[in-house]
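Chemist: A structural model of the following input is requested.
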Amino acid sequence: MTRESSAGSIFRGIGFSLAGFSIFSLHDALIKSITDVPVFQIVFFVVLFSFVPFVFMLAFSGKAISFRPNLPGLVGLRCLFGLGSLMCAFYAFNNLPLTQVYSLLFSAPVLITLLSIPILGERVKLIRWIAILLGMAGILIVLRPGAVELSFGHFAALVAAVCVASASVVTRKIGSREHSVTLLLYPMLTNVVVSGVLVSVVYVPMPGIVLLKMCAIGLLSVLGQMLMINAYRSCEAQYIAPMQYSQMLWAILYGVFIFNDSIDRNIVLGSLVIVISGLLFIWRELVASVTQPVLRTRNVRATGGPQATPVESDTLSQESQSQESQKSNDSST
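Modeler: Just a heads-up that it's a prediction; the model follows:
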C-alpha cells in the first residue's frame, strides 16, 4: 500500500466514523424528544424496527451463517449487560441534557480499564493510572456532588457506562470466537423479548408521530452501524476511536437549538477532562503497540450495546483458524 493510498484510507475511515457518530447523535436526540412513553416501550419498538434493515442485510449478504454461539454463557452475559446499558441510557437521554449523558458515557474507557485488571489480568502502568484519575476527576466535575442535586437520570447514565464497560470486556474475551452477526443478533433478541414482556403488561398509547420517530431511530441505529463497519474496514481502530468525542459537539448544538438547554461551564470542563482522559488511553495503546478494549468500543446503541468491530471479529476468527490449520500441517510434516 502506497503512502497516498494509506492516507486516503485513513481519511475515508475518519469520514465514515464522523458520519456514523453524527447519525448516532441524531438517534439520541430523537430518543430525548420522545416524552410520556415508558423507556422499555421505546426500547421495544426501536429495536423491533432495527430488525427490518438487519434482516435485509443478512438476506443480501449471500453467506451461510451459523447463529449458534460458541460461548453461550458469555454471550448471554453480554446480552444482559447490553440490556442494562440500553435501558439506562434511554432513561438518561429522556431525563438529562445530552451533554451530561455523553459526559458520563464517555467515562466507559476508564471503567473498561479498571474491569480489565481483575477480569483479563491486564497490568496498568503509570500513564493509564493518570488517565483513570483524570477520568474520575472529570466525572466529579460533571456531577458536582453536594453542589448539584443528583437525579436518578445521573445514576442511570453511570450504570449505563458500567454496563457498556462490562459488555466491552466480555466482548474482548469472546470477540475472536464469535461471528459478528452473533454479537449483533442476540442482544437485539434479548432487548425485544424482555422489553416486549414489560410492554405487554403496561402499554401506553402513542400518536403516529412518536411511532415514526421510533421507526427512524431503529433505522438510524443500523445506518450508524453500517457506517462504522465501513470506517473500520477503511483504517485501523486507533484512528476511529477519538472521533467518538465529536458527539459532544452535536450534543451542544442539539441542546442549545432544539432542547433549549443552557451551556453549563462545569459540564463542558468535566467533559473536556474526560475526553483528555480517553485520548490518553488511546495514546498509551499506540505507544505500547497494543489494542486494548477502549479502541474496540463505542457508546451504547439501539442494537443492544457496544459491538465488537464486526470486521475485526471475523478477521480474528479466520486468523485463529488459519493458525490452527498451519500448526496441524507443521506437526504432520
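
Chemist: Name the SS class of Glu122, please.
Modeler: Per DSSP: H, G, I helix; E, B strand; the rest coil, the local secondary structure of Glu122 is coil.

Chemist: Now it: closest residue in space, sequence neighbours ignored.
Modeler: Sequence neighbours aside, Ser116 is the residue nearest to Glu122 in space, at 4.4 Å (criterion: Cβ to Cβ, 6 or more residues apart in numbering). Yep, even glycine has a C-beta here, placed from its N, CA and C like the rest.

Chemist: Let's verify that neighbour: helix, strand, or coil?
Modeler: helix.

Chemist: Neighbours of it, how many?
Modeler: As a burial measure, Ser116 scores 21 neighbours (other Cβ atoms under 10 Å).

Chemist: what does Leu249 give?
Modeler: Neighbours of Leu249 (other Cβ under 10 Å): 13.

Chemist: next one: Lys63
Modeler: So Lys63, with other Cβ under 10 Å, has 8 neighbours.

Chemist: any idea how far it is from Leu211?
Modeler: For Lys63, the distance to Leu211 equals 33 Å [Cβ to Cβ, to the nearest Å].

Chemist: Angles on the backbone of Ser262, please.
Modeler: Main-chain torsions, Ser262, degrees, to the nearest 10: phi -90, psi 150.

Chemist: What sits closest to Leu185 if chain neighbours are left out?
Modeler: That would be Phe67: by Cβ to Cβ, 6+ apart, it lies 6.4 Å from Leu185.

Chemist: again with Leu71
Modeler: Setting aside the residues directly before and after it, Leu71 is nearest to Ile174 in space (Cβ to Cβ, 6+ apart), at 5.1 Å.

Chemist: While we're on that neighbour, how confident is the model there?
Modeler: Note for Ile174: predicted pLDDT of 84.

Chemist: For burial, what's the neighbour tally of it?
Modeler: Per other Cβ under 10 Å, the neighbour tally for Ile174 reads 20.

Chemist: isn't the residue nearest to Glu122 right up against Val169?
Modeler: Yes. If you go by Cβ atoms under 8 Å, Ser116 and Val169 touch, sitting 5.9 Å apart.

Chemist: pLDDT wise, what is the residue nearest to Glu122 at?
Modeler: With respect to pLDDT, Ser116 has a value of 77.

Chemist: Now do it against His179, distance only.
Modeler: For Ser116, the distance to His179 - Cβ to Cβ - is 24 Å.

Chemist: what does Lys63 give?
Modeler: With Cβ to Cβ as the criterion, Lys63 and His179 are 10 Å apart.

Chemist: again with Cys79
Modeler: Counting by Cβ to Cβ - Cys79 and His179 are separated by 15 Å.

Chemist: next one: Ala19
Modeler: Taking Cβ to Cβ, one finds Ala19 at 26 Å from His179.

Chemist: With neighbour numbers in mind, choose between Cys79 and His179.
Modeler: Set Cys79 next to His179 and count neighbours by other Cβ under 10 Å: Cys79 wins out with 25 against 19.

Chemist: average model confidence for the one helix or strand that one maps to?
Modeler: Taking DSSP states H and E as the definition, Cys79 sits inside helix 72-95. Helix 72-95 carries an average pLDDT of 94.
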